[in-house]
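Asker: need the 3D shape of this:
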Amino acid sequence: MRRFLAEPEKFECYVILEQENLPLALVVYGKHKSYELEIPILRIGDNPLSATLAHHLIFKSILRSARERRQFTRITDSYLEETVIKAIQEDTFVRVNNGWLKVNLAVAETAYQLSTRLTSTVRRKFR
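Answerer: This is a model prediction of the structure:
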């Protein structure tokens, strides 16, 4: 956490609290790449609303990434709870070497055009 808090130009940290100021979740956004919103920490406490909160935080992260015109949302947290992994899979993230990846493309194209765009984007961004 020190690294994330010490570099506010690269990371934003959020703690989600319930009414009694008890922590429900912790999310860290890595904003140092223009094409990708990284989520190095996504932790959700064990409570009856864990699954709902996981889906909500993932949705908000994808929405933020798309609004910032980033092509990818990547979750790199190595210690995800099972509830969070299930939510990530339901939101169609793809398992990659260093976490989970989702493409955020705001386009309406044919399957061929979309395939070409994705291939080109991946080649440019991940060389």
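Asker: in this structure, what spans have low per-residue confidence?
Answerer: The chain contains residues with pLDDT under 70 at 106-108, 125-127.
Asker: okay, strands next: where are they in it?
Answerer: 11-17, 23-33, 36-44, 72-75, 94-96, 99-103 (DSSP state E).
Asker: in a markdown table: those, plus distance to residue 66.
Answerer: (Glycine included, C-beta is placed from N, CA and C.) Shown next, in a markdown table, are these (distance: least, C-beta to C-beta, whole Å):
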| stretch | distance to residue 66 |
| --- | --- |
| strand 11-17 | 17 |
| strand 23-33 | 13 |
| strand 36-44 | 9 |
| strand 72-75 | 8 |
| strand 94-96 | 17 |
| strand 99-103 | 10 |
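Asker: now mean neighbour count and distance to residue 57 too, for these, in a markdown table please.
Answerer: Formatted as a markdown table, the strands of the chain follow (neighbours: other C-beta atoms under 10 Å; distance: least, C-beta to C-beta, whole Å):
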| stretch | mean neighbour count | distance to residue 57 |
| --- | --- | --- |
| strand 11-17 | 13 | 8 |
| strand 23-33 | 17 | 6 |
| strand 36-44 | 21 | 7 |
| strand 72-75 | 22 | 10 |
| strand 94-96 | 11 | 19 |
| strand 99-103 | 19 | 13 |
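Asker: now do the buried residues in stretch 101-118.
Answerer: By neighbour count with 16 or more other C-beta atoms under 10 Å, stretch 101-118 contains the buried residues 101-102, 104.
Asker: that should have said stretch 79-96, apologies.
Answerer: Buried, per 16+ other C-beta under 10 Å, within stretch 79-96: 80-81, 83-85, 87-88, 91, 93.
Asker: adding distance to residue 4, write those residues out as a markdown table.
Answerer: Shown next, in a markdown table, are the buried residues of stretch 79-96 (distance: C-beta to C-beta, whole Å):
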| residue | distance to residue 4 |
| --- | --- |
| 80 | 17 |
| 81 | 19 |
| 83 | 22 |
| 84 | 18 |
| 85 | 22 |
| 87 | 22 |
| 88 | 20 |
| 91 | 23 |
| 93 | 21 |
